[in-house]
Every structure is written in C-alpha cells, then in structure tokens.
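A.B. asks: Sequence and predicted model, in that order:
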Amino acid sequence: MIEPTAEKQSAALDTALMAAHERRDFRKLTQLYHEAALHKRQQGDEDAACFLLTQAYVFALECGHPLADALHLELKANGRES
C-alpha cells in the first residue's frame, strides 16, 4: 500500500477538523488537534505543535476528554504554561 503524501494527510486532517468544528464535536477536535500537533512536531515545528496542543487541550477540557491531563503535562514540559 502506498503511503499518502504529507500534503494529502494535511488536507485530509484540515477537512476532518472543519467537519468536527461544524458538528461542535469536541472529543473529535481534541483527537484531531492532537494528531495535527504530532505531525507538526515530526516536521520540526515545535511552536506550531504547541499551538495545536493548546487547541487540543482547550477542547479536552471542554468535553472532559481523558487526554486533558496528558496534554496539560506536555504543554508544561514544553514551557507553555506561565
């Protein structure tokens, strides 16, 4: 099986994010923003990754997602909490 290109993955992720926003599906938004953060981190863009992790964390708090604590710890470990 051929791996999708990074551009196609990014476009698919953007489409999924837009759909989840339209549905106000905070659980899905948590997962998708976390996934997007991981992609940015793999690309070496830590600032963008932490921005996306913050979005994931906000949505996780909104819906009581089990990732909330882990996201918070990750943000703290990256110096994103004052």
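C.D. replies: Cool, got the structure. Being a predicted model, the structure only gives us computed values, none of them experimental.
A.B. asks: hey, where'd the helices end up in this structure?
C.D. replies: 6-23, 26-42, 46-63, 68-77 (DSSP state H).
A.B. asks: Which residues does the first one contact?
C.D. replies: Think helix 6-23. Contacts with helix 6-23, where a contact means Cβ atoms under 8 Å, 6 or more residues apart in numbering, come from 4, 28-29, 32-33, 35-36, 39, 43. (Glycine included, C-beta is placed from N, CA and C.)
A.B. asks: quick one, that helix and helix 26-42 angle?
C.D. replies: Interaxial angle of helix 6-23 relative to helix 26-42 (axes from the mean of the first three to the mean of the last three Cα atoms, to 10 degrees): 160 degrees.
A.B. asks: Once you drop chain neighbours, what's closest to the spatially most central residue of the chain?
C.D. replies: By Cα atoms, centre = their mean, the mean C-alpha position of the chain lies nearest to Y33, the distance being 1.8 Å. Excluding the flanking residues, the one nearest Y33 by Cβ to Cβ, 6 or more residues apart in numbering is A56, at 3.7 Å.
A.B. asks: What residues does the one you found make contact with?
C.D. replies: Neighbouring residues of A56 by Cβ under 8 Å, 6+ apart: 29-31, 33-34, 37, 67, 71.
A.B. asks: same question, Y33
C.D. replies: Per Cβ under 8 Å, 6+ apart, neighbours of Y33: 17, 52-53, 55-56, 59.
A.B. asks: Which pair of those spans the longest distance?
C.D. replies: L17 and L53 (14.3 Å; Cβ to Cβ).
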